[in-house]
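Q: sequence and predicted structure below; questions after.
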Amino acid sequence: MTANLDYAFDEYLRSKSSEAVRAIQLFREKLKGRSLAFGRFTVPAFYKAFFVTPKQQYLLKRAAVAFYQIINTTTRLYFEEPQLRARFHLSPEAEELVRIDPGYAKNVVFGRFDTLLEGESLKILEFSCDAPSGASYTDQIETLFLSDPLAASFAGEHHLVVSRRIQSILNALLAVYEEFGGYETPQIAIADWRHARTHAESEFMKSQFEARGYKTVIADPRDFQYKGGKLYHKGFRVHLVYRRVHFDEMVERLDELQDFLRAYRDKAVCVVNPLRARLSASKSLFSLLTDREFDRFFTDSENKMKQDHLPWTRGVADAEDFYGHRKVFLIDFLQDEKETLVLKPPYSHGPEHVRIGRETTDSEWNAAVDRALKEQGWVIQEYVNVPAITVPEVVNGKLDFAYKKYNFNMLVCGGKYAGGFVRLSDESVINVATGGGLMPAVWSDVAPETNG
């Protein structure tokens, strides 16, 4: 087997260019006919996979186990170490919600770790663990790609292994439901706003849950009814809620969610992720995790993982105390080190407001710094180089290749690596909408040949 599958796949397409052109065009047509809508648009995808090497697969599995535990330890500190609570920047309404005991041990069950993976270098830039998305879209794109005869032939030759992302989510849901004390076969509600742009992803997931024998509805959480100690959605009894709505959006609609929240507070329904998962969403968590002062809360091996895989991060409010053990004046530091820094708002579900120093004009950078100094929770983070990858395209009826920047999104379910996907863009702040798309991560279970 060839060591560099990415290069091998590109060469494979070049050797069959006319077939590749037809396959790419057919692939793009089929994307429109599947459950791949994102609002009014189709999720963009490329006729390629991200080929994870055996060494990378081992690294991803180790990182998933370690950081799942690290995140759960860190969120637990909110309850056990009162002096750290201010770092989570919660409103009184949010504090009240995260204090509700979900009825099981973990504060985070599902996560999507947004990383930069290049060779055997892995840097985690964000923990998306409130209501992470992408698994359902990726399973569909992977199936569509690998069912094409041209791609299937390459996959068979190189023993490529697919991930069962939705199955991993279901397995984790059922494990938590059992820990919660559920004993009946659960009827599941996928909680999503009725006009959510990701509705198609929820629809596909519903079909997969039902194919495995679990009755499922997609429920706007405003439509839940709590009566007689049981939660219902239009007469459908709900035992288990897979939460797809973001915590902050729930806080904005508290008055409309009272039945759902009463059932959750009374432990009349098992909700996953719990509302406590919101604690993991703060960017300022990285400030705590990369500050040696807090190493005492973690094991030696966890501290090693943090040092290896987290970029240096500080809350803007306390950054002047911590940079290479030198005390610096914050404004001077942010201006002098602009080329090596990234500014991030405390909570966001997209690339808005993220500023990369080396790609931002001085005036834009100074405006972002001014905002970060006035608002709570902004962080500065060490810049990590964004890698690029080639993707096949059809230009004027012929096969061509374009370079795209990418990040690697690790899916973690119940403490285990559950596969991943790559988001691509023309920009360093990865945004699928700007000339980008998704690619599934696949790996080969055969070790590569080595020379010598």
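A: Here it is on my side, so go on.

Q: show me where the stretch 201-350 of the chain has its helices.
A: Here the stretch 201-350 of the chain has its helices, by DSSP state H, counting those that start in this stretch, at 247-252, 258-265, 285-289, 300-309, 330-336.

Q: which of those sits closest to residue 37?
A: helix 247-252 (20.0 Å; Cβ to Cβ). The C-beta positions use only the backbone N, C-alpha and C, and glycine is treated the same way.

Q: got the buried residues for that closest one?
A: 247, 250, 251 (16 or more other Cβ atoms under 10 Å).

Q: what residues does it touch?
A: Applying Cβ atoms under 8 Å, 6 or more residues apart in numbering, the contact partners of helix 247-252 are 91, 93-94, 97, 130-131, 193, 221, 257, 275, 277-278, 281, 347.

Q: surely residue 76 touches residue 106?
A: No. Residue 76 is not in contact with residue 106 according to Cβ atoms under 8 Å; the separation is 9.5 Å.

Q: so which of the helices of the stretch 201-350 of the chain comes closest to residue 411?
A: For residue 411, the closest of the helices of the stretch 201-350 of the chain is helix 300-309, at 16.5 Å, according to Cβ to Cβ.

Q: buried ones in that closest one?
A: 302, 303, 305, 306, 309.

Q: cool, stretch 39-51 as well?
A: For stretch 39-51, by 16+ other Cβ under 10 Å, it's 43, 44, 45, 46, 47, 48, 49, 50, 51.

Q: now do the first one against residue 406, distance only.
A: Separation of residue 43 from residue 406 (Cβ to Cβ, to the nearest Å) stands at 15 Å.

Q: just the third one next, same as before
A: Noted for residue 45: a distance of 13 Å to residue 406, by Cβ to Cβ.

Q: now the common contact residues for those two.
A: With Cβ under 8 Å, 6+ apart as the test, residue 45 and residue 406 both reach residue 439.

Q: rewinding a little: how about the helices of the stretch 201-350 of the chain in a markdown table, adding distance to residue 436 and mean pLDDT?
A: Formatted as a markdown table, the helices of the stretch 201-350 of the chain follow (distance: least, Cβ to Cβ, whole Å; pLDDT from 0 to 100):
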| stretch | distance to residue 436 | mean pLDDT |
| --- | --- | --- |
| helix 247-252 | 25 | 95 |
| helix 258-265 | 35 | 98 |
| helix 285-289 | 24 | 87 |
| helix 300-309 | 24 | 96 |
| helix 330-336 | 29 | 80 |
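
Q: which one of those helices lies nearest to residue 15?
A: Using Cβ to Cβ, the helices of the stretch 201-350 of the chain put helix 300-309 closest to residue 15, at 37.4 Å.

Q: widest-spaced pair of the contacts of helix 247-252?
A: Farthest pair in the contacts of helix 247-252 (Cβ to Cβ) is 91 and 193. Separation: 20.6 Å.

Q: more neighbours: these two, which one.
A: Between residue 91 and residue 193, counting by other Cβ atoms under 10 Å, residue 193 is the more crowded of the two (18 against 10).

Q: which element, helix or strand, includes the more buried one?
A: Using DSSP states H and E, residue 193 sits in no helix or strand.

Q: what residue is smack in the middle of this structure?
A: residue 112 (2.7 Å; Cα atoms, centre = their mean).

Q: what's near enough to touch residue 170?
A: 208, 209, 212, 214.

Q: actually residue 257, not the one I typed
A: By Cβ under 8 Å, 6+ apart, the neighbours of residue 257 are 221, 222, 224, 250.

Q: roughly how far does it sit from residue 93?
A: 12 Å.

Q: cool, and residue 294?
A: Taken as Cβ to Cβ, the span from residue 294 to residue 93 is 27 Å.

Q: between these two, which one's more packed in?
A: residue 294 (18 against 11).

Q: what sits against the more buried one?
A: Applying Cβ under 8 Å, 6+ apart, the residues contacting residue 294 are residue 288.

Q: helix or strand with the lowest mean pLDDT in this protein?
A: Here the helix or strand of the chain ranked lowest by mean pLDDT, DSSP states H and E is helix 330-336, holding a mean of 80.

Q: mind giving me the packing neighbours of that one?
A: In terms of contacts (3 or more Cβ pairs under 8 Å, 6 or more residues apart in numbering; DSSP states H and E), helix 330-336 is packed against helix 362-374.

Q: which helices and strands does the helix it packs on pack with?
A: So helix 362-374, by 3+ Cβ pairs under 8 Å, 6+ apart, packs with helix 330-336, strand 341-344, strand 355-356.

Q: tell me the most buried of those?
A: strand 341-344 (a mean of 24; mean count of other Cβ atoms under 10 Å).

Q: before we move on, back to that, which single one of the buried residues of helix 247-252 is nearest to residue 263?
A: Once Cβ to Cβ is applied, the member of the buried residues of helix 247-252 that ends up nearest residue 263 is residue 250, at 13.8 Å.

Q: measure the closest one to residue 204 for me?
A: 23 Å.

Q: could you dump the least confident helix or strand of the chain to PDB, C-alpha only?
A: Presented in PDB, the C-alpha positions along helix 330-336 are these (Å, rounded to 0.1, in the frame of the first residue of the first chain):
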ATOM      1  CA  LEU A 330      -1.300  44.300  27.400                       C
ATOM      2  CA  ILE A 331      -1.900  46.900  24.600                       C
ATOM      3  CA  ASP A 332       1.800  46.900  23.700                       C
ATOM      4  CA  PHE A 333       1.900  43.100  23.700                       C
ATOM      5  CA  LEU A 334      -1.200  42.800  21.400                       C
ATOM      6  CA  GLN A 335       0.300  45.200  19.000                       C
ATOM      7  CA  ASP A 336       3.900  43.900  19.100                       C
END
